[in-house]
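[1] Mind folding the following:
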Amino acid sequence: MEGEGVCFPDGNDMINGIILSKMPIIDAIRTSLLSTCWRYKWLALTDLVFDDKSFDAMTPEKVDDFITKSLFLHNGLIHKFSLSRWELSSSPSSFSLSRVKMLESWLLS
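    Numbers count the residues shown, from 1 in each chain. Sure thing, here's the model as predicted:
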């Protein structure tokens, strides 16, 4: 059907999961815009890897917001949670208690 996008037959969530798990997390989330059948598929990912591919053009504030919203919306088990190049401070000489608290809230969510 026109406007439906590419959908696999019902019962093939495993195929969708494999496809999404091979993408950077930001692209996996963007698949929800492809069609209605992809809308919530990323929510079941068990490995959440937030790496450089996800953060290329984002400011630290946008990175924090992206991770927070992603974890808030995620509704499944998380087997792996990984952050790359996320820093506890905005400069090597300072230490941000607010970023520590943010990290703690992510891990406890």
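[2] Tell me if I'm right that residue 24 and residue 55 touch.
    No. Using Cβ atoms under 8 Å, residue 24 is not in contact with residue 55; the gap is 9.3 Å. Backbone N, C-alpha and C define where each C-beta goes, glycine included.
[3] neighbour-wise, which of the two wins?
    The residue with more neighbours, out of residue 24 and residue 55, is residue 55; 21 against 16, by other Cβ atoms under 10 Å.
[4] my read: the more buried one touches residue 63, true?
    Yes. Contact status for residue 55 versus residue 63: in contact at 5.2 Å, counting by Cβ under 8 Å.
[5] buried sites along the one helix or strand residue 54 maps to?
    Assigned by DSSP states H and E, residue 54 falls within helix 52-55. For helix 52-55, the neighbour count (16 or more other Cβ atoms under 10 Å) marks 54-55 as buried.
[6] pLDDT weak spots in the chain?
    Filtered on pLDDT under 70, the chain yields the residue ranges 1-12, 85-95.
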